[in-house]
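Novice: need a structure here:
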Amino acid sequence: MNIFVLMKKTFDTEEKIQINGGKIDEEGAEFIINPYDEYAIEEAINLRDEHGGEVTVVTVGDEESEKQLRTALAMGADQAVLINTEDDLEEGDQFTTVKILEAFFKDKDVDIILAGNVAIDEASGQVGPRLAEKLDIPFVTTITAISVDGETVKIDRDVEGDVEKVETSLPLLVTCQQGLNEPRYPSLPGIMKAKKKPLEELEIDDLDLDEDDVEAKTATVEIYLPPEKEAGKVLEGEIDDQVKELVSLLRSDAKVL
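Specialist: Coordinates of the predicted model:
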């Protein structure tokens, strides 16, 4: 099987994010593989081990994304591709990413593409489905189980606390949800082997694209942290008095009535 994984570098969710001038301050920030993409990498490795083939992890990002690609290789992926946009693009969005990936996959023989359900930094969930539409292949989102038998694929899909059973066929794109598997930690032998595994670096010129082709269709106006939670208020007195005070507070302070 020709198995591909879409991977994104995101901020470490355990780290405190600093906002300066309406933008996230990346100075000194820690980056990791997007956690939902780890499920995709793990499942890709499992599918390869069961059915044979190769796992290729692909990311659109900057030079620093090589670190996360090497981690994916250490987990067990066979090869990686970095499409480096650092020198060509100042800003990008989901349209940009999909346009680049569409050009990358144009001449690829694909059986299955796996991606994370969402990226934890923007959480749009758009890249996987939009890419499948461009490649004209079926897609299933938020999967929690998958089995492949020849060209037939059976999938469990998370639908807000319930499970939807889906049957489809290859080639296919899926986005992976928590519960699909338990991503492995890279082992020391895996880390050593990763140093020798192929990591190809491309630029948008290599994909016959120019800056105008991938210009973002949206712009982020401002990024800001939510307001700090204020201390709660305890209502005292008789129940009837508490209810009256609550209604008054909802009307005058919270302004929800």
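
Novice: so what secondary structure elements neighbour the lowest-mean-pLDDT helix or strand in the chain?
Specialist: Every helix and strand of the chain was ranked by mean pLDDT, DSSP states H and E. The lowest is strand 23-24, at a mean of 76. Contact partners of strand 23-24 among helices and strands, from 3 or more CB pairs under 8 Å, 6 or more residues apart in numbering; DSSP states H and E: none. Using the backbone N, CA and C atoms, a C-beta is placed for each residue, glycine as well.

Novice: Ramachandran coordinates for Cys51?
Specialist: Just so we're on the same page, residue 51 is His rather than Cys. With angles defined as degrees, to the nearest 10, His51 sits at phi -120, psi -10.

Novice: okay, now the domains of this structure?
Specialist: Under the assignment automatic domain parsing, the domains of the chain span 2-207, 227-257.

Novice: And the shortest one, end to end?
Specialist: Same thing as domain 227-257. This stretch, domain 227-257, spans 22 Å end to end (CA to CA, to the nearest Å).

Novice: And for stretch 201-212?
Specialist: Per CA to CA, stretch 201-212 runs 21 Å from first to last residue.

Novice: List the buried residues in that stretch.
Specialist: For stretch 201-212, burial by neighbour count (16 or more other CB atoms under 10 Å) applies to Leu202, Ile204, Leu207, Leu209.

Novice: For the stretch 1-150 of the chain, which segments count as helices?
Specialist: Assigned by DSSP state H, counting those that start in this stretch, the helices in the stretch 1-150 of the chain fall at 35-51, 66-75, 94-105, 127-135.

Novice: what number of residues lie near Tyr36?
Specialist: When counting by other CB atoms under 10 Å, one arrives at 23 neighbours for Tyr36.
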